[in-house]
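Asker: Kindly generate the corresponding structure for this input.
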Amino acid sequence: MANAEKIMVTAEGYLDLENELNELKNVRRPQIIQAIKEARALGDLSENADYDAARDEQAQVEGRIKELEYKIEHCEIIENKKKNSVSLGSKIVIKYDDGETDEYMIVGSLEADPFNNRISNESPIGIAVMGKKQGDVVSVASPNGSYEVTIMEIK
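Answerer: Numbers count the residues shown, from 1 in each chain. Take a look at the predicted model:
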C-alpha cells in the first residue's frame, strides 16, 4: 500500500474518534445483532421490514467502524507548543477590516466545524494565518475576493 496521508487531529479530536468507535463497537453493534436475531425469529425474511432495516443499519455501522479505525490508525496528534506563531491547535483572535473580531481554533480538516469556530488549516483563513505572528496583517483569498485580517491574539 502507498504511504497513507497523515490525518492531523488535536488530542480532543482523537478522543472523540475513539469514543465514537467504542460506542459503535460496544453499544450499537450488539443492539443491531439483537435486532437482527429478533427479526429472524419472526419468520419469513423475504418480507420482513424489521430484518431489512436492521441489516441496513448494520452495514452503515460496520462501514463507520472501518472508517474510524482507518482514521485512528493514520492520525497524528498535534500539540500546540508554539504560542508565538499560529499552528495547528492554536486559538486565535482575528480582527476584520470592519473592526469585527472572531476567535477560532485552527484544526485539521477532520475536526473542522465552522459553526463552533473550529476552522481547518486548509480553509482560506487557516491557510492565510498559518505560521504568522500576533499583530501580523494577512491577506485571505476567498471566492468573493481577498480581504485582510489582523491577528490580534494567539492563545
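Asker: Quick check: buried residues in the helix or strand harbouring residue 70?
Answerer: Following DSSP states H and E, one finds residue 70 within helix 49-73. By neighbour count on 16 or more other Cβ atoms under 10 Å, the buried set for helix 49-73 is 51, 54, 55, 58, 61, 65, 68, 71. Every residue, glycine included, has its C-beta placed from N, CA and C.
Asker: Just give me how far it sits from the chain centre.
Answerer: 19 Å (Cα atoms, centre = their mean, to the nearest Å).
Asker: and it, average pLDDT?
Answerer: Helix 49-73 carries an average pLDDT of 93.
Asker: Now residue 18: phi and psi?
Answerer: When read as degrees, to the nearest 10, the backbone of residue 18 gives phi -60, psi -40.
Asker: hang on, isn't it packed against residue 72?
Answerer: Yes. Contact criterion Cβ atoms under 8 Å: residue 18 and residue 72 qualify, at 6.6 Å.
Asker: Now do stretch 70-77: distance to the chain's middle.
Answerer: Centroid displacement of stretch 70-77 relative to its chain, using Cα atoms, centre = their mean, is 12 Å.
Asker: what does that stretch contact?
Answerer: Residues outside stretch 70-77 that contact it (Cβ atoms under 8 Å, 6 or more residues apart in numbering): 4-11, 14, 17-18, 21, 110.
Asker: Mind doing that once more with 7 Å?
Answerer: The contact list for stretch 70-77 (Cβ atoms under 7 Å, 6 or more residues apart in numbering) reads 4, 6, 7, 8, 9, 11, 14, 17, 18, 21, 110.
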